[in-house]
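Engineer: Build me a structure from this.
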Amino acid sequence: MWNYKIIFLSFFIFSIITPVNIYPQDPDIVAYLKQIEDGNKDQVKDELASLKEKYHGSSSVLFLEGVLTGDGPQAVSIYTDLLKNFPQSRYADASLYRICTYYYAVGRYSLVKSNLAKLKKDFPQSPYIKLMERNIPDDDIVSVETNNEAADTGGENIYEPADSESYNYTIQAGAFIIAGNAQVLKTELDSAGYDASIRKKTIAGTSFNILYVGKFVNREDAKNTLALINKKYFLNGRIISINSK
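Structural biologist: As a prediction, the model looks like this:
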C-alpha cells in the first residue's frame, strides 16, 4: 500500500502535466493542493469560503472542497456533482479515482468496478488508471465478490472479526476520513446502548475510519437494529456478513 504523501505527490505531478480544461472563472488550485500535501489543510479550509464566493460555479474549487471534506459519503457526493456538471473538468478523472478509493474502503466492490470502468472509458490516458490498478487490482475485487453473493446489489459485504468473536452479522454505520467524526457518532451509539466499534482502513494512501455497530447471530435482528439507527441518527447504514474463518 502506498504512503499517502507518495500518492498525493503523484497527484500533484499529474495535476501539472495533465491537459487543462479550465472553465471560465476557474482558478488554478495546484498551490492549494500542495499546501494540503504539506500538512496545511486547515489553512486551505479557511480560504475555501472566499474561493467559493469569488469563483462561483468553479469545478476546481468544487474539487478542492471534496478534498477538504472529512466525511466520506459527502466527499463522494461532491465528486459526483463535479462529474455531472463538469464532465471535462481538469479534475474529473481525479474525482473518479477518489470515488473508487472510497467505495473500496467501505467494501462496495461492484461500485469500484463500475467507476473504474468509467475512468478507463472516459479518460483512457489518465494516470489514475495505473494508480488504481496498482493499489486496487481487479483480481482482488473479483475474489472478494466471488464470496459475496449480495455485492452486486450493494447489500452485504465481508467483515472479518477477531478470532474470539462469534457472530454472523454486523452493521456498517458509516465511513469517515476524520477520526473525530467517527468517534462522536460512536460515543452517541454507545451511550444509547449499541455496541459500536471503529476500524481503520487505508486505501491508496487515504485512511478511512469505518464505524460498525452490533454483533448479531440472526440477520433479522440486524435488520431491525439497522432500521432504528438509520432513522434515529439519519444514517445510511447496511448489514455486513461476517467472513467465516
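Engineer: For stretch 48-64, what does the pLDDT average out to?
Structural biologist: What stretch 48-64 shows for mean pLDDT is 93.
Engineer: And the average pLDDT for the top strand by length along the chain is what?
Structural biologist: Longest strand in the chain by number of residues, with DSSP state E as the criterion: strand 206-216. Confidence for strand 206-216, expressed as mean pLDDT, is 87.
Engineer: Quick one: residues contacting the spatially most central residue of the chain.
Structural biologist: The centroid of the chain falls nearest to residue 102 when counting by C-alpha atoms, centre = their mean (2.2 Å). For residue 102, the contacting residues are 72, 73, 75, 76, 175, 203, 206, 208, by C-beta atoms under 8 Å, 6 or more residues apart in numbering. For glycine as for every other residue, the C-beta is placed from the backbone atoms N, C-alpha and C.
Engineer: which ones are touching the fourth one?
Structural biologist: Residues in contact with residue 76 (C-beta under 8 Å, 6+ apart) are 98, 99, 102, 103.
Engineer: ditto for the first one
Structural biologist: With contact set as C-beta under 8 Å, 6+ apart, residue 72 has these partners: 102, 105, 106, 174, 175, 176, 177, 208.
Engineer: Closest to residue 31 out of those residues?
Structural biologist: residue 177 (22.0 Å; C-beta to C-beta).
Engineer: Closest to residue 44 out of the contacts of residue 72?
Structural biologist: When those are compared for distance to residue 44 (C-beta to C-beta), residue 177 wins out at 14.9 Å.
Engineer: Pull the number of nearby residues for the nearest residue to the closest one once chain neighbours are set aside.
Structural biologist: Among residues not flanking residue 177 along the chain, residue 70 sits closest, at 4.9 Å (C-beta to C-beta, 6 or more residues apart in numbering). Residues lying near residue 70 (other C-beta atoms under 10 Å) number 16.
Engineer: Surely residue 70 touches residue 176?
Structural biologist: Yes - applying C-beta atoms under 8 Å, one finds residue 70 in contact with residue 176, separated by 6.7 Å.
Engineer: follow-up on the earlier one: secondary structure element for the residue nearest to the centre of the chain?
Structural biologist: Assigned by DSSP states H and E, residue 102 belongs to helix 92-105.
Engineer: how is the protein carved up into domains?
Structural biologist: What automatic domain parsing lists as the domains of the chain is 4-146, 156-242.
Engineer: Render the CA-only coordinates of the longest strand of the chain in CSV, please.
Structural biologist: Extracted C-alpha coordinates of strand 206-216, given in CSV (Å, rounded to 0.1, in the frame of the first residue of the first chain):
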residue,chain,number,x,y,z
THR,A,206,-6.3,7.7,2.2
SER,A,207,-7.2,6.5,5.7
PHE,A,208,-10.9,5.8,6.5
ASN,A,209,-12.5,5.2,9.9
ILE,A,210,-15.2,2.6,9.4
LEU,A,211,-17.9,2.5,12.1
TYR,A,212,-19.5,-0.8,12.9
VAL,A,213,-22.5,-1.4,15.2
GLY,A,214,-23.7,-4.5,16.9
LYS,A,215,-22.9,-8.3,16.8
PHE,A,216,-25.9,-10.3,15.5
